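Colleague: structure of the sequence below:
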Amino acid sequence: MGTYEIVRGIHIAVGTAALASYWGGALARKGSALHKASGRVFLVSMAVVLAFALPMTVILFRRQGPAIGTFLAYLIVITGTGVWQAWRAVRDKHDFQRYTGPVFRGLAALEVLSGIAVLALGARVGSPLFAGFSLIGILGGASMLRLARRGPSDPRWWLREHLGAMLGNGVATHIAFLAIGLPRLVPQLANPTWTYAAWFGPLALAAVAQVRLRRKYLAPRPGADQSQRSSRTKIEPSSTLSGTLAVGS
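Modeller: Below is the predicted model:
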């Protein structure tokens, strides 16, 4: 067994744990001990998945060419940004300036630049998949920079960012399973129809989930004064998911 096979095996095993813990947190009562514990397991698992994805990307860049390697590197950027935001939004919920500091702005710029590169790549190789997913980085990164410049629109900005990031992370996790893992187990699914459904289907479901979560957790609270009500009704999509939903809608 070669290095790539070993790295891929660990990547798959930890990715399976990430998928399981994601649903453990999603189905648990928000703020409960189970929700928090599942969230920690998920974010740690995703960090390990991304760490092992780096050498895999380098190997595939050499084996399958720069197009696949560049796209996979881009996926690491946008997924890593979502994982970082989901973690820091909760840790920095009382300090917006710290949350939107140099790391936040650097990731935002990297998302925009890498998205533009993948858009150009998609146009050059004629790939709708590359071109479509490039908008996640371009629009998502631009939304992050806009958030950092304008400041929070309501006191629950951190919850909006956390929910949006976790939805984006869920999209990444399920795409990995549906588009890459499942066709290996069921070869009949290795066809263009399933491929596009597996890549863009989770985006559409995330759009629906975001609307429901916004209504449940970010809607104006009863008894809030008029000024609070006005600011809270101007809830924008999170900086993480805005680019994702632009592609999926």
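
Colleague: going forward, measure contacts between C-alpha atoms and count neighbours the same way
Modeller: Noted.

Colleague: how distant is the longest helix along the chain from the center of its chain?
Modeller: For the chain, the helix with the greatest residue count under DSSP state H is helix 33-64. Distance of helix 33-64 from the chain centroid (CA atoms, centre = their mean, to the nearest Å) equals 12 Å.

Colleague: tell me what angle the helix or strand following that helix forms with helix 33-64.
Modeller: Sequence order places helix 66-91 as the next helix or strand after helix 33-64, per DSSP states H and E. Between helix 66-91 and helix 33-64, the angle comes out at 160 degrees (axes from the mean of the first three to the mean of the last three CA atoms, to 10 degrees).

Colleague: show me what helix 66-91 is packed against.
Modeller: Using 3 or more CA pairs under 8 Å, 6 or more residues apart in numbering; DSSP states H and E as the contact test, the elements touching helix 66-91 are helix 33-64, helix 102-125, helix 128-150, helix 157-175.

Colleague: quick one: those helices as a markdown table, columns for distance to residue 206 and mean pLDDT too.
Modeller: As requested, the helices and strands packed on helix 66-91 are exported to a markdown table (distance: least, CA to CA, whole Å; pLDDT from 0 to 100):
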| stretch | distance to residue 206 | mean pLDDT |
| --- | --- | --- |
| helix 33-64 | 18 | 94 |
| helix 102-125 | 20 | 97 |
| helix 128-150 | 13 | 95 |
| helix 157-175 | 6 | 94 |
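
Colleague: to residue 17, which of those lies closest?
Modeller: Checking those against residue 17 by CA to CA gives helix 33-64 as the closest, at 6.8 Å.

Colleague: contacting residues around the closest residue to residue 27 other than its chain neighbours?
Modeller: With CA to CA, 6 or more residues apart in numbering as the criterion, residue 27 has its nearest non-adjacent residue at 8.0 Å, and that residue is residue 35. Residue 35 makes contact with 24-29 under the criterion CA atoms under 8 Å, 6 or more residues apart in numbering.

Colleague: then residue 96?
Modeller: Per CA under 8 Å, 6+ apart, neighbours of residue 96: 151-152.

Colleague: relative to residue 30, how far out is it?
Modeller: 22 Å (CA to CA, to the nearest Å).

Colleague: ok, back up a step: now, which of the contacts of residue 35 sits nearest residue 213?
Modeller: Within the contacts of residue 35, distances to residue 213 taken as CA to CA reach their minimum at residue 26, with 11.3 Å.

Colleague: now the helix or strand that closest one falls within: mean pLDDT?
Modeller: If you go by DSSP H and E, residue 26 is part of helix 3-27. Helix 3-27 shows a mean pLDDT of 91.

Colleague: now it and helix 33-64, what's the angle there?
Modeller: Helix 3-27 runs at 150 degrees relative to helix 33-64, counting by the same axes, to 10 degrees.

Colleague: and helix 3-27, what's buried?
Modeller: For helix 3-27, a neighbour-count test (16 or more other CA atoms under 10 Å) marks 7-8, 11-12, 14-16, 18-19, 21-22, 24-26 as buried.

Colleague: which elements pack onto that helix?
Modeller: Using 3+ CA pairs under 8 Å, 6+ apart, helix 3-27 sits against helix 33-64, helix 157-175.

Colleague: quick one: neighbours of the nearest residue to residue 123 once chain neighbours are set aside, just the number.
Modeller: In this structure, residue 123 finds its nearest non-sequential neighbour in residue 131, 6.7 Å apart by CA to CA, 6+ apart. Residues lying near residue 131 (other CA atoms under 10 Å) number 22.

Colleague: surely residue 131 and residue 122 touch.
Modeller: Yes. With contact defined as CA atoms under 8 Å, residue 131 counts as touching residue 122 (4.8 Å).

Colleague: center of this structure, which residue is that?
Modeller: The centre of the chain sits closest to residue 168, judged by CA atoms, centre = their mean, with a distance of 3.0 Å.
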